[in-house]
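In: Got a predicted structure plus its sequence, pasted below:
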Amino acid sequence: MTSKLLIIPILLSGLLLNAQEVVSTQGDVYSNESGSIDFTIGETVIGTGTDETHEITQGFHQTHWNFVGLKDHAPNYEALIFPNPTEDVLNIKTSTFEQVTYTLYDAQGKLVLQDKLSAEQTPIQVHHLTPGSYLLTLHNETQRLKTFKLVKTH
């Protein structure tokens, strides 16, 4: 009987030792009389809930995303680059193409191609380029609009 009583606390302490722990370099804890919130910065949101008055996200937050190597210098300017990765032809699609120039740089920062966009969908021949990573920048006369990280295969 005594050995059974000893096993229960040992099992319970084992459960406590295996609890999840978040290790983060950024974050904080805020508390008031209504409750408290712990947060970290640098990872994705994994769930959102609302009661029509308040909204809460469960998970981690990151304020500036960089999807598929996109640097968004002008959030109101919309452009699509496809396919990425590419072999032969890279397409730039945007409804606002007038006075917009593209520049393509290799991984060492060397200018490889440069030209003006000619239509809503401008094809660029890249079959002659060496396989690797490239940066494509779209800009007009006054500002840089978007920067894309591209991959050239074969």
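Out: Nice, thanks for sending it over.

In: where does this protein have low pLDDT?
Out: 1-27, 37-49, 54-70 (pLDDT under 70).

In: mind running it again at 80?
Out: Filtered on pLDDT under 80, the chain yields the residue ranges 1-31, 33-72, 154.

In: what residues go with each domain of it?
Out: Per automatic domain parsing, the domain ranges recorded for the chain read 2-59, 67-152.

In: Find the residue closest to D88 in space, skipping its chain neighbours.
Out: H127 (4.3 Å; C-beta to C-beta, 6 or more residues apart in numbering). C-beta coordinates here come from the backbone N, C-alpha and C atoms, glycine included.

In: got it, and D72?
Out: Nearest one to D72, counting by C-beta to C-beta, 6+ apart, is K146 at 6.3 Å.

In: how many other residues sit next to that neighbour?
Out: K146 has 23 neighbours, counted by other C-beta atoms under 10 Å.

In: Look up how far T147 lies from L129.
Out: 18 Å (C-beta to C-beta, to the nearest Å).

In: And G35, by the same measure?
Out: 42 Å.

In: Pick out whichever of these two has more residues nearby.
Out: Applying other C-beta under 10 Å to G35 and T147 shows that T147 carries more neighbours, namely 18 against 7.

In: which residues does that one contact?
Out: L70, K71, H73, L135, L136, T137, L138 (C-beta atoms under 8 Å, 6 or more residues apart in numbering).

In: now, which of these lie within strands?
Out: L70, K71, L135, L136, T137, L138 (DSSP state E).

In: Just the buried residues out of those, in PyMOL syntax.
Out: PyMOL command restricting the ones in strands among the contacts of T147 to the buried ones, with burial defined by 16 or more other C-beta atoms under 10 Å:
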select buried, resi 135+136+137+138
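
In: Looking at the ones in strands among the contacts of T147, which is nearest D28?
Out: K71 (28.0 Å; C-beta to C-beta).

In: Touching, the closest one and L138? I think so.
Out: No - using C-beta atoms under 8 Å, K71 is not in contact with L138; the gap is 10.5 Å.

In: who touches both of the two?
Out: In contact with both K71 and L138: K146, T147, F148, using C-beta under 8 Å, 6+ apart.
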